[in-house]
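In: sequence unknown, structure follows:
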């Protein structure tokens, strides 16, 4: 959609810099799973978000583009924090002054515990912490797929232990999710999240994602993944019908 991080947030957050208490110099926020169907969550997907969206320096062009866009959006120039963003451009070489910490990707964490934190590192940019919340919490998708996949793995493994074949677990849940998601990026993130738990996949976007420079190479599972050549209904039904004319 855009590589302009200024526009990758919720509209209402644009004006929040005006609403913090005067002399606020630091904002520290955390993200957790509050719980629900599962009592544990597999953390996955933040690295990609950080490296793809939060490491590109902000430029004056980004600021000017956002100013024009948001003026049309809000009907006024008063809500956009041009001064704050130009401070980042002119004083910080466009680098976002925020410290991000997280548990290692692939870690299983009990719900109700911190998964990642965002903290401003420049007293003039305390407003930036929660401005980045919108893009940061998109890690929910990778976490959800990895968590659901892990729960299925536990269920399947119970049956395999009963049958005496637990060694087959890596290939007992095969991913065909590419066609069922909203975008190529979703297929990549979800497909890679599935590979945290299994090695069987037909979602090539997930394999490509694991060797993406925006992901830690240690998480790459490509060499261990397997698929096979296989027909589909379009091929099966393409064979002419044979009739008995005798």
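Out: Received, thanks. All values reported here derive from a predicted model rather than from experimental measurement.
In: Quick check: pLDDT value at residue 209.
Out: In this prediction, residue 209 carries a pLDDT score of 89.
In: ok, it touching residue 189?
Out: Yes. In terms of CB atoms under 8 Å, residue 209 counts as a neighbour of residue 189; the distance is 6.5 Å. Yep, even glycine has a C-beta here, placed from its N, CA and C like the rest.
In: list residues touching both of the two?
Out: Jointly contacting residue 209 and residue 189 under the rule CB atoms under 8 Å, 6 or more residues apart in numbering are residue 48.
In: Can you pull the domain assignment for the chain?
Out: 8-135, 142-223 (automatic domain parsing).
In: Could you export these as a markdown table, including distance to residue 2?
Out: Listed next are the domains of the chain as a markdown table, based on distance: least, CB to CB, whole Å:
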| stretch | distance to residue 2 |
| --- | --- |
| domain 8-135 | 7 |
| domain 142-223 | 14 |
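In: okay but residue 84 is in contact with residue 127, surely?
Out: Yes. At 6.4 Å, residue 84 and residue 127 qualify as touching, with contact defined as CB under 8 Å.
In: first vs last residue of stretch 65-85, how far apart are they?
Out: 12 Å (CA to CA, to the nearest Å).
In: How about stretch 68-83?
Out: For stretch 68-83, the first-to-last residue distance is 14 Å (CA to CA).
In: outside of that stretch, which residues touch it?
Out: By CB under 8 Å, 6+ apart, the residues outside stretch 68-83 that reach it are 7, 11, 14, 15, 17, 18, 63, 66, 67, 127.
In: who touches both of residue 84 and residue 127?
Out: Residues touching both residue 84 and residue 127 (CB under 8 Å, 6+ apart) are residue 17.
In: What is the strand of greatest length in the chain packed up against?
Out: Determined from DSSP state E, the single longest strand within the chain is strand 114-120. Applying 3 or more CB pairs under 8 Å, 6 or more residues apart in numbering; DSSP states H and E, one finds that strand 114-120 contacts strand 28-32, strand 98-102, helix 128-131, helix 133-136.
In: switch to 6 Å and redo it
Out: strand 28-32, strand 98-102, helix 128-131 (3 or more CB pairs under 6 Å, 6 or more residues apart in numbering; DSSP states H and E).
In: Point out the most buried one among these.
Out: Most buried of these by mean neighbour count (mean count of other CB atoms under 10 Å) is helix 128-131; its value is a mean of 23.
In: Mind listing residues that contact that one?
Out: 9, 13, 27, 29, 98, 118, 120 (CB atoms under 6 Å, 6 or more residues apart in numbering).
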